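Q: Kindly generate the corresponding structure for this input.
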Amino acid sequence: MTETATKKSSNEQNKLVLTNSLITREELDKFKEIARKDYSIELSDDEAFEQATALLNMFDYLIAARLDSRRERVNINNNL
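A: Purely as a prediction, here's the structure:
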């Protein structure tokens, strides 16, 4: 899985700094906009980052599992 890291800046406690992250500031803002428009939920940067990262990690897992399953089928067919 891809590593994520966040840290708070010393100057602004509410300012999220994205470092080695799965998500960019623009993507985080878009995620917050979608949550607001589609679900009438206002997310803080921290909440949006946590939820967006969890969603991306879930998709990463599902894609990897699907690729593993396809590789296994190819190997079974090649061994017949």
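
Q: mind listing what residue 73 touches?
A: Contact analysis of residue 73 by C-beta atoms under 8 Å, 6 or more residues apart in numbering lists nothing. Bear in mind the C-beta positions are built from the backbone N, C-alpha and C, glycine included.

Q: where in this structure is pLDDT low?
A: Counting by pLDDT under 70, the chain contains low-confidence residues at 1-14, 19-20, 76-80.

Q: Spatially nearest residue to residue 56 (excluding sequence neighbours)?
A: Of all residues beyond its chain neighbours, the one nearest residue 56 is residue 22 (4.9 Å), with distances taken as C-beta to C-beta, 6 or more residues apart in numbering.

Q: Run a quick neighbour tally on that neighbour.
A: Using other C-beta atoms under 10 Å, the number of residues around residue 22 comes to 18.

Q: On the three-state scheme, it is what?
A: Secondary structure, DSSP: H, G, I helix; E, B strand; the rest coil: residue 22 is coil.

Q: Quick check: phi and psi on it?
A: phi -70, psi -20 (degrees, to the nearest 10).

Q: For the host helix or strand of residue 27, name the packing helices and strands.
A: Under the criterion DSSP states H and E, the helix or strand holding residue 27 is helix 25-39. Based on contacts counted as 3 or more C-beta pairs under 8 Å, 6 or more residues apart in numbering; DSSP states H and E, the elements that helix 25-39 packs against are strand 16-19, helix 45-79.
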